[in-house]
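S.K.: model this:
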Amino acid sequence: MADDLEVAIIGAGTAGLSARAEVAKLTDSYRVFDPGPYGTTCARTACMPSKAFLQSAHDFHRRHAFGDLGIVGAEYLRVDGARVLEETRLLRDGLVDGVLESMKPWRETHLVPHRAAFSPDGTLRAGDLRFRPRATVIATGSRPVVPEGWKEKLGDRLVTSDGFFEMGGLLARVAVVGLGAVGLELGQALARLGVDVTAFDPAPSIGGLTDPDLQARLRRALRAEMTVVEAQAEPVKSDCGGIRMEWAAGDTEVDCVLVAMGRAPNLEGLGLENLGGSLDGNGRPPVPAGRLDLPGTRLYFAGDAGPGPELLHEATDEGRVAGYCAVRGEDAVFERRTPLRMVFCDPQIALAGATWDELEHRTDSVAVGEASFERAGRMRLQRGSGGAVRIYAEKSSARLLGAAILAPEAEHLAHLLAYAIDRGDDLKSLLRMPAYHPTHEEVLRRALRAALELCDIDAAELEAIRCKDTPVDCETGRG
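M.R.: Predicted coordinates for the structure are as follows:
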């Protein structure tokens, strides 16, 4: 006998919890299905522990600037790798506890701690329980992609982000396979903590950064700290007890392989075909653009299991929209926020709005303005590394379309630009903002001005001169 439900929510991660919050506003006839572990991927293995680990690495790396700052004794600092990982786990566990605490009011009555799947008759089974939901939000999350046979070949010498923070200490030599956000952040952190890192990625663009000018800058920065091999490598067990990574032009010995080749949605075995659902060649549902539900069904997909970017703020939005529409029996049609992506390596990568690969076929109608952080006043004061910002604008109107930034603290400029894109701002309106001295916003203003000069619009002379830099060159000391 199956119990009727208004809404079933499969998955208690960020998207699933967001969906539950919306569903619970209208009905108590819902259940959340998840066998655990609980606490969201972000808090347990992704966003938060990786940033805590990175903070230790970036702070230790900062010692190289101490001499220029008049701080002595940097040569005596050392890394306790086991302690770094232990402190990361302590912070991680506190964050997970916060998520579990927020689940307390409904966990005993509405959480089903079993894996759920649809039977041929359309009922949803979970352990010995059976349900017949009117609508279902599928927020089952994702898992790291690992090439076939690697787990069997490498055993405990293979790690992914799911198990990285459980390591007892840092090994001497690590191969990082894949230089997306996870590979870049953890790979650079390991290198800054004293690990010999060899990173492999044959893709022409790493870190999600498609702008060729910034991509070249990024690779130069990384190669100063680790070995970057632009090739696919194959691991082979070594006679010395380690792992030999082999590629067409060479090989190297490592103690561990960190696989960071992306994530795959956890959708297999759900029985979606029993409700008219299906998966494409990438294991994802063929959800039309601009919506979260499969037409002809009441199946809603959110978070890493859905069609959108695998980002926490997107998962939160998708979960809330899916829950709102599922409990009302509506199609989940919605407009996404302005795209915003970041990678917290150093220098940071930040993308707002349209990206280079989306605009490069429109070079005749797009103005690109660039400014470098290399000699910027704030950068010199911080004794930091450089970078650049690239602004993309529509030539005919000077409307801001997108931006790519490779620079320390790029996250703040990217938020500002994403907001401006969402408002439909043009370069002239952005140049009316004050730029305090000395800040990174001064560099942004130069990039905006460079892009505006390439646009097909005139700027009032008075406004144009107000947007110029100060006659005193504070960066070089010349006046």
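S.K.: now Thr14: how far from Arg44?
M.R.: Relative to Arg44, Thr14 is positioned 11 Å away (C-beta to C-beta, to the nearest Å). C-betas here are computed from N, CA, C, even on glycine.
S.K.: which non-adjacent residue is nearest His91?
M.R.: You called it His, but residue 91 is Leu. Distances taken as C-beta to C-beta, 6 or more residues apart in numbering put Ala52 closest to Leu91, at 4.8 Å, once the chain neighbours are dropped.
S.K.: Looks like the one you found contacts Arg92 (just checking).
M.R.: Yes - in terms of C-beta atoms under 8 Å, Ala52 counts as a neighbour of Arg92; the distance is 6.8 Å.
S.K.: I'd like the next helix or strand past the helix or strand that Tyr419 is a member of.
M.R.: Per DSSP states H and E: Tyr419 is located in helix 410-423. Counting by DSSP H and E, the next helix or strand C-terminal to helix 410-423 is helix 427-431.
S.K.: got the buried residues for the following helix or strand past that next one?
M.R.: Proceeding N to C from helix 427-431, the next assigned helix or strand is helix 441-452, under DSSP H and E. By 16 or more other C-beta atoms under 10 Å, the buried positions in helix 441-452 come out as 441-452.
S.K.: now swap in stretch 338-347 and tell me
M.R.: For stretch 338-347, by 16+ other C-beta under 10 Å, it's 339-347.
S.K.: Let me have these in JSON lines, adding secondary structure, distance to Thr210 and pLDDT as columns.
M.R.: Shown next, in JSON lines, are the buried residues of stretch 338-347 (DSSP: H, G, I helix; E, B strand; the rest coil; distance: C-beta to C-beta, whole Å; pLDDT from 0 to 100):
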{"residue": "Pro339", "secondary structure": "coil", "distance to Thr210": "13", "pLDDT": "97"}
{"residue": "Leu340", "secondary structure": "strand", "distance to Thr210": "15", "pLDDT": "98"}
{"residue": "Arg341", "secondary structure": "strand", "distance to Thr210": "11", "pLDDT": "98"}
{"residue": "Met342", "secondary structure": "strand", "distance to Thr210": "15", "pLDDT": "97"}
{"residue": "Val343", "secondary structure": "strand", "distance to Thr210": "13", "pLDDT": "98"}
{"residue": "Phe344", "secondary structure": "coil", "distance to Thr210": "19", "pLDDT": "97"}
{"residue": "Cys345", "secondary structure": "coil", "distance to Thr210": "16", "pLDDT": "96"}
{"residue": "Asp346", "secondary structure": "coil", "distance to Thr210": "20", "pLDDT": "95"}
{"residue": "Pro347", "secondary structure": "coil", "distance to Thr210": "16", "pLDDT": "95"}
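S.K.: picking that back up, looking at Thr14 and Arg44, which is more packed in?
M.R.: More neighbours surround Thr14 than the other of Thr14 and Arg44, with 28 against 21 (other C-beta atoms under 10 Å).
S.K.: got the contact list for that one?
M.R.: Residues in contact with Thr14, defined by C-beta atoms under 8 Å, 6 or more residues apart in numbering, are 40-42, 303, 312, 315-316, 319.
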